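> Kindly generate the corresponding structure for this input.
(one chain, ligands or ions: 2)
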Amino acid sequence: MVRGALVWVIELTRAANPSFRKFPIMPTSIAKAYAGFDKSSPLGPYSLERRQPGPRDVQMEILYCGVCHSDLHTVKSEWPGTVYPCVPGHEIVGRVTAVGAEVKAFKAGELAAVGCMVDSCQNCPSCNEGLENYCDNNGIVFTYNAPDKHMPGKVTYGGYSTQIVVDQRFVLKVSPKLNPAAVAPLLCAGITTYSPLRHFGATKGKKVGIVGLGGLGHMGVKFAHSFGCQTVLFTTSPGKSEDAKRLGADEVVISKDADQMAKQAGSFDLILNTVAAPHNLDPFLNALKRDGTLVLVGAPDSPHPSPSVMNLIFRRRSIAGSLIGGIKETQEMLDYCAEKNIVSDIEMIKIQDINTAYERMVKSDVKYRFVIDMASLKG
Ligand code: NAP
Ligand code: ZN
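Ligands and ions are numbered 1, 2, ... in the order given. The predicted structure follows:
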């Protein structure tokens, strides 16, 4: 009650006084969420503050949020720097509930999406090229667990919540033609595979390998197939072979079988490795042609064993990396998916099932992306 009156007084004062408007005191609203509270306890209910939408902000009710292995790496402190409570989630699809006065591209009632970033410096060569993900000033603000410019002293909170407020430049348009729950994983798993496949030349007729059939990998198979590549899945799970073919793989190779790997030697133009754990990269380097590239997108908690230099220099092969994708390319990918009717294969869960979902993810038992139905958090 007191808080409500205070916000009302602030709003009235701001409306009456233009100089005050330059230095807004942001009132907030409360959203329900699920958070990790330390590296070993299960995730559980949490309440967080979201800012009220400013002039360039879009406020969304979150409908669906995909579950990325990065969420698990972060919540479990497998990567350094987790701030608790940690609210993960960067594959967000929702419905716009309010927009700021300067927002023209979105309006209340429309579907919209948010991916892995909510801001960047917007003023460096990479940002100016639409590659905010590679912001030269290290200005990228991740959707969760990053210092929140709008709420000093706090970190950003992600999509395992009922509501989010994001600068319009980091909000994506979603076609109503597609199932919105199955669109959610495109915001990370989709763009993280689409972008390197495009950048490193996965075009018609090229032989392209995807390593790992999880969230990222299954989107990689779909995109490589859709781009007309000869698409090969490398998997440690023989039981996924049929699914891989259904998803678009022309061939499946069991990566733990040395004979099967040896048969692929020297044949690939490009291999995209999505594996979330450290492993020997040499068998994949061996599979590349002269001038072929192995692109790493999987981000394990400890380094891969060093690959053999000989495997690189004798065939002029490269190892590269790639981080999600810029906003322009993410919109291009979403539009491409709407045109080609591509979405993620999902298992819908309630937020209350998130801890079991994490356990299954660690066992590579996901078909092929968990998506949280956020109605389960609202009830
Ligand atoms: P995921 O759904 O768990 O899939 C990973 C797949 O890797 C598994 O399904 C499994 O496929 C394979 N795998 C797992 N452990 C393995 C092991 N010990 N040896 C060999 N293969 C193994 O994970 P995800 O959400 O796709 O994410 C994958 C990785 O990418 C994570 O490290 C994540 O943090 C990272 N990531 C990076 C970016 C980026 O911008 N670069 C963006 C998002 C995520 P099989 O059963 O087929 O072998
Ligand atoms: Zn992700």
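> When you work out contacts or count neighbours from here on, use the C-alpha atoms and nothing else.
Fine.
> And the contacts of stretch 274-290?
69, 210-212, 216-217, 261-262, 264-271, 294, 296-308, 311-312, 315-317 (C-alpha atoms under 8 Å, 6 or more residues apart in numbering).
> And it, what's buried?
Using 16 or more other C-alpha atoms under 10 Å as the test for burial, stretch 274-290 gives 274-276, 281-290.
> Quick one, which of those has the minimum pLDDT?
In terms of pLDDT, residue 276 ranks lowest among those, with 94.
> Dihedrals phi and psi, that one?
phi -90, psi 10 (degrees, to the nearest 10).
> ok, it to residue 358 distance?
Note on residue 276: its distance to residue 358, by C-alpha to C-alpha, to the nearest Å, is 13 Å.
> now, which of the buried residues of stretch 274-290 lie close to ligand 1?
274-276 (C-alpha under 6 Å from any ligand atom).
> before we move on, back to that, from the contacts of stretch 274-290, list just the buried residues.
69, 210-212, 216-217, 261, 264, 266-271, 294, 296-300, 307, 311-312, 315, 317.
> So which of those reach ligand 1?
69, 212, 216-217, 297-300.
> In JSON lines, list those along with secondary structure, distance to residue 375 and pLDDT.
Shown next, in JSON lines, are those (DSSP: H, G, I helix; E, B strand; the rest coil; distance: C-alpha to C-alpha, whole Å; pLDDT from 0 to 100):
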{"residue": "69", "secondary structure": "helix", "distance to residue 375": "22", "pLDDT": "98"}
{"residue": "212", "secondary structure": "coil", "distance to residue 375": "31", "pLDDT": "98"}
{"residue": "216", "secondary structure": "helix", "distance to residue 375": "25", "pLDDT": "98"}
{"residue": "217", "secondary structure": "helix", "distance to residue 375": "28", "pLDDT": "98"}
{"residue": "297", "secondary structure": "coil", "distance to residue 375": "32", "pLDDT": "98"}
{"residue": "298", "secondary structure": "coil", "distance to residue 375": "31", "pLDDT": "98"}
{"residue": "299", "secondary structure": "coil", "distance to residue 375": "31", "pLDDT": "96"}
{"residue": "300", "secondary structure": "coil", "distance to residue 375": "32", "pLDDT": "95"}
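> Considering those residues, which is situated nearest to residue 352?
Nearest to residue 352 among these: residue 69, at 17.7 Å, using C-alpha to C-alpha.
> ok, that closest one - contacts?
276, 361.
> Spell out which parts of the stretch 151-300 of the chain neighbour ligand 1.
Those residues of the stretch 151-300 of the chain that sit near ligand 1, judged by C-alpha under 6 Å from any ligand atom, are 188-189, 192, 212-217, 235-237, 274-277, 297-300.
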